[in-house]
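A.B. asks: The sequence and its predicted three-dimensional model are supplied below.
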Amino acid sequence: MKVFFKIVKILLATILTLYIGFVAYILVFQPKENRFHLASSAQGNGLSQAVFGILNWQHPKYSEAFFERSVPFNKRGDYATGFYYLNHAVELDPLEHLGYRGYMKLRFLRDYKAALADFDRLDAMTPDVVDAPWGEDIDFLRGEAHYGMGNYAEAIPYFKRSISNQGADWANVQTFVYQGLCYYHLGKYEEAISSYENGLAQYDTTCEAYFGLAQVFLKLGDTIQAKYNLAKAQETIGYKYDDIYKEFLNEIYQEDLDALSKVLN
Amino acid sequence: MKSKLNIWFLVSLFIAGILSLWLYIKLTHNVGDISYDSAIDSPEFKVCGKYRALQYYQSGTYYQGGKKAIKQQLWSKVSADGLPPNGLLTVRFMVNCHGETGLFRAKMTDPDVKRMEVPQEITKQFGDLISELKGWVPRKIQGEPLDSYIQIVFKVENGKITDIF
């Protein structure tokens, strides 16, 4: 009987020791890239954050781990914690993370000046490259930041440069829409019409461009054109520009179409 | 020999137990989770979905008319009184499977995105205002409506609320 208990103890102790060793290997000793992918795939989970914590402690120069650790905090509204980690990532590798931080300041914080500062700093670091913070053209984002501040005249050259750099067929179609909105706010209605039409030449389902045209034609007193473009906006509202994280500055809603329809009818 | 085996067994059992407990706590906790707190939360608000509450960007729960409608409905009622003159106030809360709101929590950051303390009465004040929004449509999964975490950000500049998003 004693021998039996001894064997059971040895077996259990071996299994427990292997379990401890396995968990320690997964969390602490396996290559940092594997742990980064493990933690990234469980974004926001407490264990994911713990793994990033271990990585930050073991590899204090590994900027990607600080960047990735910041993501769920910023998505979930804890900007102080999120930006604490993101700022650290930028300090370690500004070229890699400045663009994302600028994008977050623009879209998540709506701190337009701070976003511009990051975009300009990134641009100065890469004079021969057209940067694409988080996959979007840097000049489009700079134009959007100026638009957010209500600096419509300052925004237009950035949107023009974005179209020029990307090509009219490849630029984000919302570049034309924002450009049209800027001209509209400046009272330059012919230029606004031209901008919206250029957007529609790229994608004829751009409901924001039709809606913008309807607003311009209403200003110009051409209610027939205004109604036509409002009807086109209604047809294409299913293609509206939206995002699961944040509202865009130029986002339109069915309620906007309904409100304009009331004015026109 | 016997005592060494016992020590090995007990130490490994102890470490494995602590490790498992730590893993359980970590795995069941998520960034941004809000638990019911009887000191501040309404006892009438119930988390009711069949599944765990999802984030706003996972669930698809929305407000009729979108963020613009939220902004329009809150705009005339919100005030920056009691708030620092500049920064972002983020109110995170839950929309339950019936489209009701509760579990309001507020965080504030200064212009350098550093944490600022939010007085409890501010959380209550903004929570009460958000409770007046009645157009929430909870997303369903296989016919079951979900509980969701939602957040609304109030931008404060020069002592005034200048944006809601």
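C.D. replies: All right, it came through fine.
A.B. asks: residues near residue B:29, how many?
C.D. replies: Neighbour count of residue B:29, defined by other Cβ atoms under 10 Å in any protein chain shown: 15. Yep, even glycine has a C-beta here, placed from its N, CA and C like the rest.
A.B. asks: what does residue B:86 give?
C.D. replies: As a burial measure, residue B:86 scores 17 neighbours (other Cβ under 10 Å).
A.B. asks: residue contacts, it?
C.D. replies: When the contact criterion is Cβ atoms under 8 Å, 6 or more residues apart in numbering or on different chains, the partners of residue B:86 are B:110, B:111, B:156, B:157, B:158.
A.B. asks: Whichever of the residues you listed end up buried, select them in PyMOL.
C.D. replies: The buried subset of these, as determined by 16 or more other Cβ atoms under 10 Å in any protein chain shown, is captured in PyMOL by this line:
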select buried, chain B and resi 111+156
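A.B. asks: nearest to chain A, of the contacts of residue B:86?
C.D. replies: Using Cβ to the nearest Cβ, residue B:111 comes nearest to chain A of the contacts of residue B:86, at 7.2 Å.
A.B. asks: ok, now which ones touch the closest one?
C.D. replies: Counted by Cβ under 8 Å, 6+ apart, residue B:111 has contacts A:111, A:114, B:86, B:87.
A.B. asks: Also residue A:58?
C.D. replies: Taking Cβ under 8 Å, 6+ apart as the criterion, residue A:58 is in contact with A:28, A:32.
A.B. asks: That one and chain B, how far apart?
C.D. replies: Distance, residue A:58 to chain B, by Cβ to the nearest Cβ, to the nearest Å: 18 Å.
A.B. asks: I'd like the distance between that residue and residue A:85.
C.D. replies: 16 Å (Cβ to Cβ, to the nearest Å).
A.B. asks: Quick check: closest non-adjacent residue to residue B:100.
C.D. replies: residue B:45 (6.3 Å; Cβ to Cβ, 6 or more residues apart in numbering or on different chains).
A.B. asks: And chain B, what are its domain boundaries?
C.D. replies: What automatic domain parsing lists as the domains of chain B is B:1-30, B:32-164.
A.B. asks: Name all residues that make contact with the closest residue to residue A:42 other than its chain neighbours.
C.D. replies: Of all residues not flanking residue A:42 in the chain, residue A:48 sits nearest, at 4.1 Å (Cβ to Cβ, 6+ apart). Residues near residue A:48 by Cβ under 8 Å, 6+ apart: A:38, A:39, A:40, A:41, A:42, A:72.
A.B. asks: low-scoring stretches of chain B, by residue?
C.D. replies: When residues are selected by pLDDT under 70, those of chain B lie in B:1-2.
A.B. asks: pull the longest helix from it.
C.D. replies: Longest helix of chain B, by residue count under DSSP state H: helix B:2-27.
A.B. asks: what does whichever helix or strand comes after it rub up against?
C.D. replies: Later in the chain than helix B:2-27, the nearest helix or strand by DSSP states H and E is strand B:54-55. Applying Cβ under 8 Å, 6+ apart, the external contacts of strand B:54-55 come out as A:44, A:75, A:76, B:32, B:61, B:146, B:147, B:148, B:149.
A.B. asks: Just checking the distance from strand B:54-55 to the centre of its chain.
C.D. replies: Relative to its chain's centre, strand B:54-55 lies at 10 Å (Cα atoms, centre = their mean, to the nearest Å).
A.B. asks: try stretch A:43-63
C.D. replies: Stretch A:43-63 has its C-alpha centroid displaced from the chain centroid by 23 Å (Cα atoms, centre = their mean).
A.B. asks: Now tell me what touches stretch A:116-129 from outside.
C.D. replies: A:94-95, A:98-99, A:101-102, A:105, A:131, A:133, A:138, A:141-142, A:145-146.
A.B. asks: mean confidence score for it?
C.D. replies: Stretch A:116-129 shows a mean pLDDT of 96.
A.B. asks: May I see the buried residues of it?
C.D. replies: For stretch A:116-129, the neighbour count (16+ other Cβ under 10 Å) marks A:116, A:117, A:118, A:119, A:122, A:123 as buried.
A.B. asks: pull the CA atoms of it into PDB?
C.D. replies: The C-alpha coordinates for stretch A:116-129 follow below in PDB (Å, rounded to 0.1, in the frame of the first residue of the first chain):
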ATOM      1  CA  LEU A 116      -1.300  66.800 -37.000                       C
ATOM      2  CA  ALA A 117       1.800  67.100 -34.800                       C
ATOM      3  CA  ASP A 118       2.300  63.300 -35.100                       C
ATOM      4  CA  PHE A 119       1.600  63.200 -38.800                       C
ATOM      5  CA  ASP A 120       4.000  66.100 -39.500                       C
ATOM      6  CA  ARG A 121       6.700  64.500 -37.300                       C
ATOM      7  CA  LEU A 122       6.400  61.300 -39.200                       C
ATOM      8  CA  ASP A 123       6.400  63.000 -42.600                       C
ATOM      9  CA  ALA A 124       9.600  64.900 -41.600                       C
ATOM     10  CA  MET A 125      11.300  61.600 -40.700                       C
ATOM     11  CA  THR A 126      10.500  60.100 -44.100                       C
ATOM     12  CA  PRO A 127      10.900  62.900 -46.700                       C
ATOM     13  CA  ASP A 128      11.000  60.500 -49.700                       C
ATOM     14  CA  VAL A 129       8.000  58.400 -48.700                       C
END
